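1. the sequence and its predicted three-dimensional model are supplied below.
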Amino acid sequence: MSDKNHDGRRTARQRLAVEREKQKASERRRRTLIVAVSVVCVLGLATVIGVLAANSGKKKSASTGPVVAPSGAQGKDALAIPVGKDGARSTLTVWEDFRCPACQAFEAAYRPTIHQLTDSGKLRVEYHIVRLIDGNLGGTGSLRSGNAAACAQDAGKFRAYHDVLFENQPKETDDAYANNDKLIALSGKVSGLDTLAFTQCVKKGTHDSWVDKSHKAFQAGGFSGTPTVLLNGKNIAQDRTMTPAKLKQMVESAAKG
């Protein structure tokens, strides 16, 4: 074989080898691209799922069952839970959310005075349940705790359970009250409330639609936040000089006529 033919074949083999390397490199790039695109797609899907989950948590779950007012509820559409004597000269209307830290602060400051005035027959309190935090931060803790409080009203234990809910209130961002088991466990802190009837009422969400209706009434009233507190129709929550002592003085003055 001539040197010329040998060199030609070697050159052909070299070109073929180079071409095969090019094909292999191209295939490696193609596989790398497919893997990269797959990873991006998976991450993108995870992001979408995360966004959807986050957004679903921010939506309030609307109740669709019948509106069942708790026992003894009064006022327009039976949306007020009364505490105190009907003949009291003063009425305190309170709109509260059991997840609301400002409501907890109000309760801690004013509760002893309110209890004293209601127990003495000088003040009647009408509690309205709101689920403002559910709408602002997501979750269902306002709804679930509101329903549980209404179930406690059925058992004649509203005031005591109402106080327990605020005393054990989780952080605003912690939707712990969305757990019915926690709400049922807290009933053990109220004498005579830990019953089968209360447990079933909480788990069934008997008063869910009633809580939703109460919240809609709050919105329709044009109130800006919780707690909203009215004394004989006047919004005292907006009075910067208001204190428990001043509230007591106003109620006692009204009681004297």
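-> Yep, it's here.

2. how about the strands in the stretch 101-250 of the chain?
-> 123-129, 228-231, 234-235 (DSSP state E, counting those that start in this stretch).

3. the closest residue to P170 other than its chain neighbours: how many residues sit nearby?
-> Sequence neighbours aside, A176 is the residue nearest to P170 in space, at 3.9 Å (criterion: Cβ to Cβ, 6 or more residues apart in numbering). In short, each C-beta sits where N, CA and C put it, glycine included. For A176, the neighbour count with other Cβ atoms under 10 Å is 16.

4. any low-confidence regions in this protein?
-> Confidence mapping of the chain against pLDDT under 70 gives the ranges 1-63.

5. which residue ranges of it form helices?
-> For the chain, helices defined by DSSP state H occupy the ranges 3-58, 101-119, 132-137, 141-154, 158-167, 180-186, 196-204, 208-220, 244-256.

6. flag every buried residue along the second one.
-> Within helix 101-119, the residues that count as buried by 16 or more other Cβ atoms under 10 Å are C103, Q104, F106, E107, Y110, R111, T113, I114, H115, L117, T118.

7. how about JSON lines for those, with distance to L186 added?
-> Output for these, formatted as JSON lines (distance: Cβ to Cβ, whole Å):
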{"residue": "C103", "distance to L186": "16"}
{"residue": "Q104", "distance to L186": "14"}
{"residue": "F106", "distance to L186": "20"}
{"residue": "E107", "distance to L186": "15"}
{"residue": "Y110", "distance to L186": "21"}
{"residue": "R111", "distance to L186": "17"}
{"residue": "T113", "distance to L186": "24"}
{"residue": "I114", "distance to L186": "21"}
{"residue": "H115", "distance to L186": "19"}
{"residue": "L117", "distance to L186": "26"}
{"residue": "T118", "distance to L186": "22"}
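
8. among those, which one sits closest to R144?
-> For the buried residues of helix 101-119, the minimum distance to R144 (Cβ to Cβ) is 15.9 Å, reached by C103.
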